[in-house]
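[1] The following block contains a protein sequence and its predicted model.
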2 protein chains.
Amino acid sequence: MQLDAVDQRIVALLVADARSSYADIGAKVSLSAPAVKRRVDRLRSSGVIKGFTTVVDPAAVGWTTEAFVELFCTGRTTPAQITVAARRHPEVVGAYTVSGQADALVHLRAADIGHLEQVLERLRAEPFVTSTRSMIVLSRLVETPTPVPALE
Amino acid sequence: MQLDAVDQRIVALLVADARSSYADIGAKVSLSAPAVKRRVDRLRSSGVIKGFTTVVDPAAVGWTTEAFVELFCTGRTTPAQITVAARRHPEVVGAYTVSGQADALVHLRAADIGHLEQVLERLRAEPFVTSTRSMIVLSRLVETPTPVPALE
DNA sequence: AATGAAAAGATATGGGC
DNA sequence: GCCCATATCTTTTCATT
């Protein structure tokens, strides 16, 4: 789908605050509220906007530990297999196939180090995983949503 | 701040859809709309809820390339220095200090490989960076918000 | 301290143009 | 795309537990 400059600004405003009213957005992009809503509906149904979510402080909900784990897999492993395995574990918040030495990179959140160790054990028990290399997050410096070129 | 079971369910519902109405949430947690609003206000002001955002398909807004870059830094580098440097680049969507060989891990999104290369050059030009190791994302298998133990 | 009911104002949403 | 009408939602006030 092709986005014009107004669509991009609407998306950028919704990324900044998903609960903005259509009227507020409209005031900023010089459209009426119904016009904004129609664009947002179109952006949603076309898949540009995948949903609206809430940014939660992980520590506040009891998840204080975070890690990135490189997976080294057997030769015949497919991305689909990794996906299925990753989705089995609610602690996996991100998973990517990557270039370089590792085959995949998995982003984990866990309650504490004990929980993390347990998830790592479960991951390493997957039949296609030959080895892993973990980076435990010491501090989260930056974490932002996908930037949208806003064309201000 | 201490969250009770109802707070956790409210947070989980808002993570699933940040635009749910207070009445809808209230119907699911057996509270009136004003009661839900008061809890959400409290969760926001206490920092449990950091904000509401929109999940965008990066490809749809012109960002087709993604990478994770390990940074190796000089001995005297502080997390604050890395934070400042990372925030200078809008392509940095995540940055973390980590245990292991690397000092930091940076998550980048860029329009294309050329753009990514240019960002990498800028990162490597930071005075405290001694070397980098890049993993280019071949496919995004999983990407979900922080899970909230929902206690259903 | 937290809740529900009611009321007022703001917003969402569909139809007509 | 806009304007309008109505349904729904948000938010404040107030009384109750």
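    That came in fine, so what should we check first? A quick note: this is a predicted structure, and the numbers were derived from the prediction, not measured.

[2] Looks like A:Tyr22 contacts A:Arg39 (just checking).
    No: counting by Cβ atoms under 8 Å, A:Arg39 is not a contact partner of A:Tyr22; they are 9.3 Å apart. For glycine as for every other residue, the C-beta is placed from the backbone atoms N, C-alpha and C.

[3] Write out the residues of chain A neighbouring DNA strand D.
    Proximity of chain A to DNA strand D (Cβ under 7 Å from any atom of the strand) is limited to residues A:Val6, A:Ser30, A:Leu31, A:Ser32, A:Pro34, A:Ala35, A:Arg38, A:Arg39.

[4] Neighbour-wise, which one of these leads?
    A:Arg39 (21 neighbours; other Cβ atoms under 10 Å in any protein chain shown).

[5] what's the helix or strand for that residue?
    helix A:33-45 (DSSP states H and E).

[6] How far off centre is that helix?
    23 Å (Cα atoms, centre = their mean, to the nearest Å).

[7] so what does it touch, helix or strand wise?
    Applying 3 or more Cβ pairs under 8 Å, 6 or more residues apart in numbering or on different chains; DSSP states H and E, one finds that helix A:33-45 contacts helix A:5-16, helix A:22-29.

[8] got the angle for it vs helix A:22-29?
    Helix A:33-45 runs at 100 degrees relative to helix A:22-29, counting by axes from the mean of the first three to the mean of the last three Cα atoms, to 10 degrees.

[9] hang on, the earlier thing: I'd like to know which of the helices and strands packed on helix A:33-45 is closest to chain B.
    When these are compared by Cβ to the nearest Cβ, helix A:5-16 sits nearest chain B, at 4.1 Å.

[10] Would that closest one count as contacting DNA strand C?
    No: contact of helix A:5-16 with DNA strand C is not found when judged by Cβ under 7 Å from any atom of the strand; the minimum separation is 10.8 Å.

[11] For A:Arg124, which non-adjacent residue is closest in space?
    Residue nearest to A:Arg124 in three dimensions, not counting chain neighbours: A:Thr132, with 5.7 Å by Cβ to Cβ, 6 or more residues apart in numbering or on different chains.

[12] List the contacts of that neighbour.
    By Cβ atoms under 8 Å, 6 or more residues apart in numbering or on different chains, A:Thr132 lies in contact with A:Val69, A:Glu70, A:Leu71, A:Phe72, A:Leu120, A:Leu123, A:Arg124.
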